[in-house]
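Engineer: sequence first, predicted model second:
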Amino acid sequence: MDEAGLLRVGLRSSQAIVNGEPFAADLADGLRRVVGADCVCIDVCHDWKVQRPSITLAGEPGTLTVGEVDRWISLYPDDPYVVNLLATGDPRPYRTSDYMTLTRFQDTPIYREVFSRLEMRHLVVMTPSFTEQDLVMIGMTRRLYDFSDRETSAFHPLRDMIAVALEYRSKVKAIIASINVDDLTPPPRHLTLTERENQVLALIATGLTNDQTARKLGISPRTVRKHLEGVFTKANVPSRAAAVAWWLRQLGR
């Protein structure tokens, strides 16, 4: 899997979210291509306890009937990931195989009624937003082979990046609502960072150290520091935290 490509997909989607633009279709398609999943499903719900989610699919199947969607949603409480999410609130990426064997999974109603018909055996799910109101879940499936430990680890910074963007956008919408004004169309962005500088900041924004960022990108910690120094100069900021704060503001322009 192209981990740098995965971060680029996350960065583009984060920028769309911050700017109030549609993101689910591009994110689903980008993940399908970069990850090599047979199907990517993104659920977005703004009142998940009472409303059915908006479901975006990329790959196979390209569409589901209303009845199929409703049946899938009705079986969510049987999904091992959802069971763990509701019990623990843990939104991180997990494979179905982290919870149970394939044989046991094949005995569940959600497998028999949904995934077996689609011939999907291996799943990984993550939740970038899980609040009292909002729920955003990203699921990826494969027919032939499971997601590896390395792939699952690589999904963590992606999830964190999308989560930060969703939280930022939610706060902006709340402020707009509180002052009773229409949402403002953002002016064109003028990002001056290189692709690598963006990648470094995207990882640091998720809480990684310089050394961890270097390992993720396959470069040296010294190179990470050089990229940060370039950002410090361009943004006229003194520290990593200030650089990340500046970078997030650029996403919101």
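Structural biologist: Looks like it arrived, so ask away. These figures come from a predicted structure and were not determined experimentally.
Engineer: from here on, just use CA atoms for contacts and neighbour counts.
Structural biologist: Noted.
Engineer: how far away is residue 104 from residue 111?
Structural biologist: In this view, residue 104 and residue 111 are 10 Å apart by C-alpha to C-alpha, to the nearest Å.
Engineer: please read the previous query as pertaining to residue 210.
Structural biologist: Relative to residue 111, residue 210 is positioned 41 Å away (C-alpha to C-alpha).
Engineer: what's the answer for residue 232, then?
Structural biologist: According to C-alpha to C-alpha, residue 232 and residue 111 sit 50 Å apart.
Engineer: after the longest helix along the chain, next one along is what?
Structural biologist: Ranked by residue count and defined by DSSP state H, the top helix of the chain is helix 149-178. Going down the chain from helix 149-178, the next helix or strand is helix 195-204, by DSSP states H and E.
Engineer: got the contact list for the helix or strand following that following helix?
Structural biologist: Downstream of helix 195-204, the first helix or strand assigned by DSSP H and E is helix 210-217. Residues from elsewhere that reach helix 210-217, judged by C-alpha atoms under 8 Å, 6 or more residues apart in numbering: 3-4, 200, 203-204, 220-221, 223-225.
Engineer: now for those: which two are most distant?
Structural biologist: Greatest spatial distance in these: 3 and 225, 20.2 Å, computed using C-alpha to C-alpha.
Engineer: what's the offset of stretch 236-243 from the middle of its chain?
Structural biologist: Offset of stretch 236-243 from its chain centre (C-alpha atoms, centre = their mean, to the nearest Å): 25 Å.
Engineer: now swap in stretch 22-31 and tell me
Structural biologist: Relative to its parent chain, stretch 22-31 has a centroid offset of 10 Å by C-alpha atoms, centre = their mean.
Engineer: could you list the buried residues of it?
Structural biologist: The neighbour-count check on stretch 22-31 (16 or more other C-alpha atoms under 10 Å) flags 24-31 as buried.
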